[in-house]
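[1] I would like the atomic coordinates for the input below:
(one chain, ligands or ions: 1)
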Amino acid sequence: MPALVLLGAQWGDEGKGKATDLLGGSVDYVVRYQGGNNAGHTVVVGDQKYALHLLPSGILSPGCTPVIGNGVVVDPSVLLSELSGLNERGVDTSKLLISGNAHIITPYNVTVDKVTERFLGKRKIGTTGRGIGPTYADKINRVGIRVQDLYDESILTQKVEAALDVKNQMLTKLYNRRAIAVEQVVEELLGYAEKLAPYVADTVLVLNEALEQDKVVLFEGGQGTLLDIDHGTYPFVTSSNPTAGGACTGAGVGPTKISRVIGILKAYTTRVGAGPFPTELFDEDGEALRRIGGERGVTTGRDRRCGWFDAVIARYATRVNGLTDFFLTKLDVLTGWEQIPVCVAYEIDGRRVEELPYSQTDFHHAKPVYEMLPGWNEDISKAKSFSDLPKNAQAYVKALEEMSGAPISAIGVGPGRDETIEINSFL
Ligand code: IMP
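    Reported below is the predicted structural model:
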């Protein structure tokens, strides 16, 4: 019953696609459990590069069944265009399963996301503008539209009416926008029903049966621990639970079934959107990390904010997720620095603090306390085992492992599928 959770240990964009893809060949099911097309995975297979937003990266591994769980929010137009884009490149997507309980990102959710951000002005979250927050808000407010609603026109119409009732008041009276017509939304949504029908399934039953049959199931989180609505840097977070518990609720699998929780950890730190980021760099080092690491959002095309590795965050990720392993990515990006600073603690109002402060005010005031580790100049992209790494790179990895509280079981040394050092097998 190997059930693995793979999630971002920082603010997302840690290179999860590469990790999922590495396991892809031996995994029977890859499940997304939260988020939507705000995510962005780049997966490199041979000389082909794929940018996935909503689909689980297992879609690229023949033999693997990709699943969109009940905790995901689905924009049907994005999903269908992602599927047809893959089909045009010869990828078979027929195995995809979508939970009938997943919520739909409607056109009005996208509108509300954009106008709310505009209205917030300098207090904006810097969302991806994909309608994620408003769709989860509708879910919690019990006015959401689910995938299964596409197959009952009368119910769908009633639900869209209920959802638009308040929103149209808000759009017209507060935001000075035009009202959205119920019929237009219903017609658009019904247009997706037939195309999605072959994929809709009782994914909870499928996954639990698969686990009973000892199949390997991989739960793939979008975003990252510090963007979690409960455990992240609220309010500068996404509206779902990327942390490990989210895999259980977002896929309908009990916590006793989870055998391993792997945190993807970049060898430095990046963040997109607004919010505190203690190790952020505003100098040429930050610029170099961005350039060498190709730190530009797959989904939004925005430049990512870049900074040094933060061990306080990594320790926090170990704790809130119960991590059993780390997959350290992009170690190669750090090649060429004489010394590499690593944040080991924070200084907050004159005090040294070893753990992430629960108070957001304190976190905003946190200044990094750095330890300097010696760098390396050798090209590490061809390293196949830990001992192939230069001594200083080995020491950097070991230091991170010690500070972060879980073993580093794999290391990414380049973007390609085979540019990974496996230390302990995940299966
Ligand atoms: P939303 O998820 O579009 O509501 O955006 C909320 C916050 O999460 C913003 O700061 C986004 O930049 C950030 N965010 C959402 N998805 C990702 C992701 O996949 N990687 C990194 N940041 C993300």
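[2] for the lengthiest helix in the chain, what is the average pLDDT?
    Counting by DSSP state H, the longest helix found in the chain is helix 153-169. The predicted model gives helix 153-169 an average pLDDT of 97.
[3] what does stretch 183-200 give?
    Here the average pLDDT along stretch 183-200 is 98.
[4] and F426, how far from the ligand?
    Noted for F426: a distance of 22 Å to the ligand, by Cβ to the nearest ligand atom, to the nearest Å. Where C-beta positions appear, they are placed from N, C-alpha and C, glycine not excepted.
[5] same question for G375.
    27 Å.
[6] so what pLDDT did the nearest residue to that residue once chain neighbours are set aside get?
    Counting by Cβ to Cβ, 6 or more residues apart in numbering, G375 lies nearest to W337, which is 4.0 Å off, once chain neighbours are set aside. For W337, the model assigns a pLDDT of 98.
[7] residue contacts, the residue of the chain found nearest the ligand?
    Closest residue of the chain to the ligand, Cβ to the nearest ligand atom: G273 (2.1 Å). By Cβ atoms under 8 Å, 6 or more residues apart in numbering, G273 lies in contact with I125, G126, T127, T128, F236, R302.
[8] which residue is the nearest non-sequential neighbour of I68?
    I98 (4.5 Å).
[9] buried set for stretch 394-404?
    If you call a residue buried by 16 or more other Cβ atoms under 10 Å, then stretch 394-404 has these buried ones: Q394, Y396, V397, A399, L400, E401, M403, S404.
[10] check the residues you listed against the ligand, which are close?
    The overlap between these and the neighbours of the ligand (Cβ under 6 Å from any ligand atom) is empty.
[11] among those residues, which one sits closest to N168?
    Of all the buried residues of stretch 394-404, N168 sits closest to S404, with 48.5 Å by Cβ to Cβ.
[12] go ahead and confirm that closest one touches R315.
    Yes - counting by Cβ atoms under 8 Å, S404 does reach R315; the two are 5.9 Å apart.
[13] quick check: the residue nearest to I68 is in a helix.
    No - under DSSP: H, G, I helix; E, B strand; the rest coil, I98 falls outside any helix and is assigned strand.
[14] residues touching it, list them.
    V67, I68, V74, L79, V147, L196, Y199, V200, A201, T203.
[15] got these as JSON lines, with secondary structure columns?
    JSON lines is the format used below for the contacts of I98 (three-state DSSP):
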{"residue": "V67", "secondary structure": "strand"}
{"residue": "I68", "secondary structure": "strand"}
{"residue": "V74", "secondary structure": "strand"}
{"residue": "L79", "secondary structure": "helix"}
{"residue": "V147", "secondary structure": "helix"}
{"residue": "L196", "secondary structure": "helix"}
{"residue": "Y199", "secondary structure": "helix"}
{"residue": "V200", "secondary structure": "strand"}
{"residue": "A201", "secondary structure": "strand"}
{"residue": "T203", "secondary structure": "helix"}
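[16] who does L97 bridge with?
    Beta bridges link L97 to V67, judged by DSSP bridges.
[17] give me the neighbour count for it.
    Neighbours of L97 under the rule other Cβ atoms under 10 Å: 20.
[18] one more: Y192?
    18.
[19] how much space between it and S81?
    11 Å (Cβ to Cβ, to the nearest Å).
[20] near the ligand, which residues of the chain show up?
    So far as Cβ under 6 Å from any ligand atom goes, the chain lies against the ligand at 11-13, 38-40, 125-128, 130, 132-133, 222-223, 227, 236, 238-239, 272-273.
[21] does the residue of the chain closest to the ligand belong to a helix, a strand or coil?
    coil.
[22] quick one: the helices in this protein, in order.
    Using DSSP H, helices in the chain cover 16-24, 76-88, 107-120, 132-140, 153-169, 182-196, 203-212, 244-251, 284-293, 311-321, 360-365, 391-404.
[23] ends of stretch 362-375, how far apart?
    Distance across stretch 362-375, first residue to last, is 31 Å (Cα to Cα, to the nearest Å).
[24] buried sites along it?
    With burial defined by 16+ other Cβ under 10 Å, the residues of stretch 362-375 counted as buried are D362, F363, A366, P368, V369, Y370, L373, G375.
[25] in strands only, show me those.
    Within the buried residues of stretch 362-375, residues falling in strands by DSSP state E are P368, V369, Y370, L373.
[26] any chance of those in TSV, with pLDDT too?
    Listed next are those as TSV, based on pLDDT from 0 to 100:
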residue	pLDDT
P368	98
V369	98
Y370	98
L373	98
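[27] how many other residues sit next to N87?
    Neighbourhood size, N87 [other Cβ under 10 Å]: 12.
[28] pLDDT score assigned to it?
    94.
[29] next, count neighbours for the nearest residue to it once chain neighbours are set aside.
    Take N87 and drop its neighbours on the chain: the residue closest to it by Cβ to Cβ, 6+ apart is T93, 6.1 Å away. The criterion is other Cβ under 10 Å. On that basis, T93 has 16 neighbouring residues.
[30] next up, the contacts around T93.
    L55, I59, P66, L83, L86, N87.
[31] using a markdown table, lay out those residues together with distance to E117.
    Below are the contacts of T93 laid out as a markdown table (distance: Cβ to Cβ, whole Å):
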| residue | distance to E117 |
| --- | --- |
| L55 | 26 |
| I59 | 30 |
| P66 | 31 |
| L83 | 28 |
| L86 | 30 |
| N87 | 33 |
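[32] can you say which of those residues are buried?
    Buried residues within the contacts of T93, defined by neighbour count using 16+ other Cβ under 10 Å: L55, I59, P66, L83, L86.
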